[in-house]
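Asker: Need the 3D shape of this:
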Amino acid sequence: RVAGADQGPDHHRVEVLRDGQRMSTHIVEGRFSDCRVIVTGAGSGIGRATAVRLLAEGATVIATDISEPRLAALAEEFASDRLVTFAGDISDEDVVTEIVQVADGEITSLANIAGIMDDFLPPAEVEDAVWDRVLRVNLTAVMRLTRAVLPGMLERGSGTIVNVSSEAALRGSAAGAAYTASKHAVNGLTRSTAFFYGAKGVRCNAVAPGATITNIQAEFRSAFAGERMAPYMQTNVPQPAAAEDLAAAITWLLSDDSANVNGAVLPSDAGWSVI
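Answerer: Numbering: from 1, shown residues only. This is a model prediction of the structure:
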């Protein structure tokens, strides 16, 4: 990532390298001043890019990840008194409680980004351990963190929540059974939260990424799945996006710029969802 030319006192350009070309996005300084945002999966990929962008735009960020070394690297590179890190497994309810305690103040926004894959196992081959783990991290943890921050948001009368869904929540050909089911459920949880609390000032939306450059492992452990999915993956999947592309969409939905958007599932997939 390379900082570009200034765009006035409150804006500057950040450039990212994608497919050999430099693409730019604009940071809005101060957009999240006085905001306290929990970001899960902040040690790498989309979560890290989102945490970094929120810091650049003035937020206090409570960055969580299962990997303490990744969080330490984030804290070293982006040292700030507005960055708080907490390492733990967010699928553990006790860890969720600790995260809220570590936040130590009003939580204005929540970005549920952490997730894991399922080795593309189809329904006939999915293992109980994989099913349980994927749903715990991708769905139950999202519910628990949402449940934990809602009382404060409702008392204050405002708040924003963004969940990371997936292209797999829009089709059946992008992942295995467990991941696909978990992300479809995230869409449902997003819309349910938006319905129940939108009138009380709390908005909830989701971003559905397509192929994105992250460190999430996604190996085919099923020969059948590889054969079945190959024709779709080889012809339909656009070039992977940079994590910063997704961070741009997530921060927009967290911000007041999207004040009229609630209950939306926003594909950020270079058009994959329309193929």
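
Asker: Longest helix in the chain, by number of residues?
Answerer: Using DSSP state H, we find that the single longest helix of the chain is helix 177-197.

Asker: mind exporting that one as CSV, just the C-alpha atoms?
Answerer: Below are the C-alpha coordinates for helix 177-197, written out as CSV (Å, rounded to 0.1, in the frame of the first residue of the first chain):
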residue,chain,number,x,y,z
ALA,A,177,-22.0,-27.3,2.5
ALA,A,178,-21.0,-26.0,5.9
TYR,A,179,-19.6,-22.7,4.7
THR,A,180,-22.5,-22.1,2.3
ALA,A,181,-25.0,-22.8,5.0
SER,A,182,-23.2,-20.6,7.5
LYS,A,183,-23.1,-17.6,5.1
HIS,A,184,-26.7,-18.0,4.0
ALA,A,185,-27.6,-17.9,7.8
VAL,A,186,-25.4,-14.8,8.2
ASN,A,187,-27.6,-13.1,5.6
GLY,A,188,-30.7,-14.1,7.6
LEU,A,189,-29.3,-12.9,10.9
THR,A,190,-28.3,-9.6,9.2
ARG,A,191,-31.9,-9.0,7.9
SER,A,192,-33.4,-10.1,11.2
THR,A,193,-31.3,-7.7,13.2
ALA,A,194,-32.0,-4.9,10.7
PHE,A,195,-35.8,-5.5,11.0
PHE,A,196,-35.9,-5.7,14.8
TYR,A,197,-33.7,-2.7,15.6
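
Asker: Return the list of helices and strands in contact with that helix.
Answerer: The contact analysis (3 or more Cβ pairs under 8 Å, 6 or more residues apart in numbering; DSSP states H and E) places helix 177-197 against helix 128-135, helix 141-156, strand 159-164, strand 202-209, strand 265-268. Every residue, glycine included, has its C-beta placed from N, CA and C.

Asker: Can you check which of those gets nearest to G58?
Answerer: Comparison of the helices and strands packed on helix 177-197 against G58 by Cβ to Cβ identifies strand 159-164 as nearest, at 15.0 Å.

Asker: Would you format the helices and strands packed on helix 177-197 as TSV with distance to R171 and mean pLDDT included?
Answerer: Below are those laid out as TSV (distance: least, Cβ to Cβ, whole Å; pLDDT from 0 to 100):
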stretch	distance to R171	mean pLDDT
helix 128-135	17	98
helix 141-156	20	97
strand 159-164	16	98
strand 202-209	10	98
strand 265-268	11	96
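
Asker: Just send these back as CSV, with mean neighbour count and distance to A59 too.
Answerer: Listed next are the helices and strands packed on helix 177-197 as CSV, based on neighbours: other Cβ atoms under 10 Å; distance: least, Cβ to Cβ, whole Å:
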stretch, mean neighbour count, distance to A59
helix 128-135, 16, 29
helix 141-156, 19, 15
strand 159-164, 27, 11
strand 202-209, 26, 17
strand 265-268, 20, 20
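
Asker: Out of the ones you listed, flag the one nearest R228.
Answerer: Among the helices and strands packed on helix 177-197, helix 128-135 sits nearest to R228 (Cβ to Cβ), with 17.9 Å.

Asker: got the contact list for that closest one?
Answerer: With contact meaning Cβ atoms under 8 Å, 6 or more residues apart in numbering, helix 128-135 is reached by 91, 116-119, 121, 177-179, 181-182, 185.

Asker: What of stretch 143-163?
Answerer: So stretch 143-163 is contacted by 38, 40, 90, 93, 96-97, 99-100, 106-112, 142, 186, 189-190, 193, 197, 200-207, 250, 253-255 (Cβ under 8 Å, 6+ apart).

Asker: So what's the residue count around G88?
Answerer: Neighbour count for G88, taken as other Cβ atoms under 10 Å: 17.

Asker: Give the buried residues for stretch 106-125.
Answerer: Residues of stretch 106-125 classed as buried: 107-121, 125 (neighbour count, 16 or more other Cβ atoms under 10 Å).
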